[in-house]
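**Q** need a structure here:
(one chain, ligands or ions: 2)
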Amino acid sequence: MLTELLTGWIATQRWFAGKGRPIDELSIESSTQLAADDPILAHLIISVRQGDRVTRYQLLLGLRDEIPDRLRHAMIGRTEWGGRDRYAFDAAHDASLTSWLLTGMDVNLRVDPLAFHRVPGVEIDTTPRSLVMTAEQSNTSIVYGDKYILKQFRALIPGINPELEIVTALAAQGSSHVAKPYGWIETTLDGETTTLAIMQEFLSNSSEGWAMALTSVRDLYAQPRDVSAADAGGDFAAEARRLGTATAQVHRDLARAFPTAVIEPPEVKRMTERFRRRLDRAIVEVPQLDAHAEVAHAAYDRLADIDRPVAVQRVHGDYHLGQVMRTAADWVVLDFEGEPGQPLAERRALDSPLRDVAGMLRSIEYAARHLLADHPDAASLVSRAQEWSARNRAAFLAGYTEAGGSITGADAVLLHALKLSKAVYEVVYEARNRPTWLPIPLAAFQE
Ligand SMILES: Nc1ncnc2c1ncn2[C@@H]1O[C@H](COP(=O)(O)OP(=O)(O)O)[C@@H](O)[C@H]1O
Ligand SMILES: O=P(O)(O)O[C@H]1O[C@H](CO)[C@@H](O[C@H]2O[C@H](CO)[C@@H](O)[C@H](O)[C@H]2O)[C@H](O)[C@H]1O
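**A** Residues are numbered from 1 along each chain as shown. Ligands and ions are numbered 1, 2, ... in the order given. Predicted structure coming up:
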């Protein structure tokens with residue numbers, strides 16, 4: 001039966017958010033057939049119950065009488081469909097089926113309950129063939145030629161995805177720091193319009209910030225000890241500074257496009273209570289974190305004591321080096337979705353822009369430490385990692401403040417608490433997804 005096949009298959013997918021917990025029940029909530037001939041294309045919304053938690057996922061299901069070798073890696077199994085047994089597979093990997101989505105957006109197609117949309121005023125070329133991105137991701141991205149990238153959200157949360165909301169608003173303002181949006185696909189879940197996928201310009205000939213940062217760290221590790229990070233050929237500081245500037249400009253544009261507010265000290269105190277609850281939950285899941293709880297509580301105590309309001313606005317919410325791409329012209333920011341797995345209301349809530357600053361500072365720290373893990377000279381390179389991290393964090397902050405981003409003296413307390421709260425999130429993320437990386441966020445509490 002298809003539901004049995006899907007139960008085994010979904011648990012092994014990188015984007016499956018319920019790893020580590022058994023699946024009690026899987027059911028198909030909706031099934032919409034989009035292409036009827038061999039190969040068949042169907043859109044499924046699957047509901048997965050694990051204990052008292054129910055999460056919905058989407059899947060583009062492909063069905064073929066014969067399975068070509070190129071699709072074997074995407075196979076789910078054999079199942080009955082339309083009266084006979086067929087091979088079922090993840091259709092995101094089948095270019096002959098994914099072209100269907102381009103056409104759907106181009107013509108603003110409706111196949112209840114799905115609605116395809118083209119961004120008003122743009123043209124969509126329906127000819128490029130697609131490939132699935134192989135990056136480690138919480139979602140699945142289909143790249144069409146060197147033109148478009150369609151991000152298919154996997155775990156579905158009812159409501160309009162913040163990515164679509166923010167990217168269309170910033171593009172309409174003429175921001176050069178977002179990838180141009182072309183189209184989206186939506187449905188209705190629990191009575192709410194819900195974004196299923198968003199298609200944007202594919203930034204070809206660009207590099208991911210994370211890869212650039214690692215190249216720089218690697219270069220420094222290969223230098224003789226008397227060469228400082230500033231003198232190393234692969235120095236990243238100029239890019240970190242430019243990234244700080246781009247970040248401040250994105251924050252300025254977000255503040256123009258969406259409401260802003262200030263939160264008063266009692267609300268700041270409530271924020272620290274949320275941080276403490278997150279810490280408590282994280283300790284239950286990752287007991288090693290308990291040894292660092294005191295450090296985190298001390299930072300939250302200091303934040304709870306501040307006696308001035310905090311400015312809030314829409315922010316990125318999950319800002320790190322993997323979310324920024326360096327094009328020939330500048331840094332472009334991706335994935336304005338907030339932290340995956342958090343409720344939509346939380347991800348859309350106004351927050352301090354320093355939350356993003358904290359995220360990027362953590363990411364710079366990650367880049368510095370990541371290469372230590374399996375380096376034969378790890379112990380002697382720790383000070384090099386610290387030097388690289390300090391230099392690039394300072395450059396990022398300099399670029400941020402030069403471009404109008406505000407970090408005044410008192411903000412340091414907020415920034416520090418936000419960094420530790422992010423590290424708590426990362427501890428849980430790594431324990432669930434990449435346990436060998438756990439020491440990286442744990443080190444954040446030892447500084
Ligand atoms: N517009 C784009 N152009 C080129 N590459 C992109 C684009 N959007 C995303 N990517 C690549 O896909 C990766 C993951 O994208 P992201 O939006 O962060 O997805 P996820 O939410 O699943 O992590 C990025 O790190 C980047 O390498
Ligand atoms: O899938 P997303 O990009 O939305 O974000 C999740 O995965 C990220 C890892 O890919 C994770 O980021 C953490 O690891 C990064 C290095 O791979 C590092 O640069 C970040 O600082 C660190 O937080 C992110 O937290 C998670 O939400």
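**Q** what pLDDT does the spatially most central residue of the chain get?
**A** Centroid-nearest residue in the chain: residue 335, 5.5 Å away (criterion: CA atoms, centre = their mean). Confidence at residue 335, expressed as pLDDT, is 91.
**Q** tell me the contacts of it?
**A** 163, 316, 318, 323 (CB atoms under 8 Å, 6 or more residues apart in numbering). For the C-beta atoms, the positions are set from N, CA and C on the backbone; glycine is no exception.
**Q** Distance to residue 78, secondary structure and neighbour count added to those, as TSV?
**A** Listed next are the contacts of residue 335 as TSV, based on distance: CB to CB, whole Å; DSSP: H, G, I helix; E, B strand; the rest coil; neighbours: other CB atoms under 10 Å:
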residue	distance to residue 78	secondary structure	neighbour count
163	36	helix	24
316	43	coil	27
318	38	coil	21
323	39	helix	22
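**Q** Filtering those residues by proximity to ligand 1, which remain?
**A** Residues of these in contact with ligand 1 (CB under 6 Å from any ligand atom): residue 323.
**Q** Could you report the distance from residue 57 to residue 147?
**A** 27 Å (CB to CB, to the nearest Å).
**Q** what do you get for residue 161?
**A** 21 Å.
**Q** Neighbour count: residue 57 and residue 147, which is higher?
**A** The residue with more neighbours, out of residue 57 and residue 147, is residue 57; 22 against 16, by other CB atoms under 10 Å.
**Q** what helix or strand is that one on?
**A** Per DSSP states H and E, residue 57 falls inside strand 53-64.
**Q** Against which helices or strands is that strand packed?
**A** Secondary-structure packing of strand 53-64 (3 or more CB pairs under 8 Å, 6 or more residues apart in numbering; DSSP states H and E): strand 40-50, strand 75-81, strand 84-90, helix 95-106, strand 155-156.
**Q** who's the residue nearest to residue 243 when sequence neighbours are not counted bridged to?
**A** Closest residue in space to residue 243, ignoring its immediate chain neighbours: residue 331 at 5.1 Å, by CB to CB, 6 or more residues apart in numbering. Legend: beta-bridge partners of residue 331 under DSSP bridges are residue 326.
**Q** Can you give me the distance of residue 331 to ligand 1?
**A** As for residue 331, its distance to ligand 1 is 13 Å (criterion: CB to the nearest ligand atom, to the nearest Å).
**Q** what's the answer for residue 252, then?
**A** Taking CB to the nearest ligand atom, one finds residue 252 at 22 Å from ligand 1.
**Q** go on, residue 84?
**A** 35 Å.
**Q** Which positions in the helix or strand hosting residue 392 come out as buried?
**A** Residue 392 belongs to helix 378-402 when assigned by DSSP H and E. Residues of helix 378-402 classed as buried: 381, 384-385, 387-389, 391-393, 395-397, 399-401 (neighbour count, 16 or more other CB atoms under 10 Å).
**Q** will you turn the contacts of residue 335 into JSON lines that also has pLDDT and distance to ligand 2?
**A** Output for the contacts of residue 335, formatted as JSON lines (pLDDT from 0 to 100; distance: CB to the nearest ligand atom, whole Å):
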{"residue": "163", "pLDDT": "91", "distance to ligand 2": "10"}
{"residue": "316", "pLDDT": "97", "distance to ligand 2": "10"}
{"residue": "318", "pLDDT": "94", "distance to ligand 2": "5"}
{"residue": "323", "pLDDT": "96", "distance to ligand 2": "6"}
